[in-house]
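Chemist: Just need the structure, nothing else, for what follows:
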Amino acid sequence: MNLPDANQLRDLLVEQIRAAIKPETLIIGIHSGGAWVAEYLHRQLGVATPLGTLDVAFYRDDYASRGLHKSRKSTIPVDIEGRDVILVDDVLYSGRTTRAALNEIFDYGRPARVDLAVLIDRGGRQLPIAARFCAHVLAAPLPPESKLSLQRDDAGNFSLEVKSA
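Modeler: Take a look at the predicted model:
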C-alpha cells in the first residue's frame, strides 16, 4: 500500500488548525505518536499555553485484553476548565483511544470544547467519533489485523508504516 508522506500531512494539519487557535487554546497529544504530532503543531502554531500529553492506557475499555502497561505520565500543565482543547492523535481507527482520552481529560476538569486532530484516518470506527481536523483519510480500508503506526527518526522526521499482526 502506498502511504502518504507523513511530513506533508503534519504540515497540512498545521494549516487546518491555524484559524482555530486562540490565546487560551490547549493542545494535548496522546502518547506516543499523537504526542509527537502535538509537539510539532504546538511549535509551528506558536501556541502560548504549555503542551499537554496523555497516556490513556488505564482509561481504555480493553485494557485487560490488550495487556497495556502505563509507561508515561499524563501531563496537563494548566487548568482546562473552560478552555478550548485540541486533542491530537496520529491515527484514528476504532475511536477507543479517543474515548479513553476524553474520559481522562474530563477527570482534569470541564473544557469549553474538545476538537480532535489526527494525521490520518484509517476508517473502521467502532464508536461514533470523528476528527474535526484530519490531514488524510485512507481511500481503502486496511485489514483489521494490520496496524498503521507513525514513526519518528532522530531528526524529527515522520513516516507511516503498516505492520501485520
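
Chemist: Could I get the full set of strands for this protein?
Modeler: Using DSSP state E, the strands of the chain run over 26-30, 52-54, 84-92, 113-121, 133-137, 146-152, 158-164.

Chemist: need these in a markdown table with mean pLDDT, can you?
Modeler: Formatted as a markdown table, those follow (pLDDT from 0 to 100):
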| stretch | mean pLDDT |
| --- | --- |
| strand 26-30 | 98 |
| strand 52-54 | 97 |
| strand 84-92 | 98 |
| strand 113-121 | 98 |
| strand 133-137 | 98 |
| strand 146-152 | 95 |
| strand 158-164 | 94 |
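
Chemist: Ok, which of these comes nearest Gly46?
Modeler: When these are compared by Cβ to Cβ, strand 26-30 sits nearest Gly46, at 11.2 Å. Where C-beta positions appear, they are placed from N, C-alpha and C, glycine not excepted.

Chemist: any residues touching the closest one, and which ones?
Modeler: The contact list for strand 26-30, computed with Cβ atoms under 8 Å, 6 or more residues apart in numbering, reads 35-39, 41-42, 45, 47, 49, 51-56, 76, 78, 80, 83-89, 97, 101, 105, 111.

Chemist: what number of residues lie near the residue nearest to Ala112 when sequence neighbours are not counted?
Modeler: Among residues not flanking Ala112 along the chain, Gly82 sits closest, at 5.0 Å (Cβ to Cβ, 6 or more residues apart in numbering). Gly82: 11 surrounding residues under other Cβ atoms under 10 Å.

Chemist: For Gly82, which residues are in contact?
Modeler: Arg110, Pro111, Ala112.

Chemist: cool, Glu161 as well?
Modeler: The contact partners of Glu161, taken as Cβ under 8 Å, 6+ apart, are Leu3, Leu148, Ser149, Leu150, Gln151.
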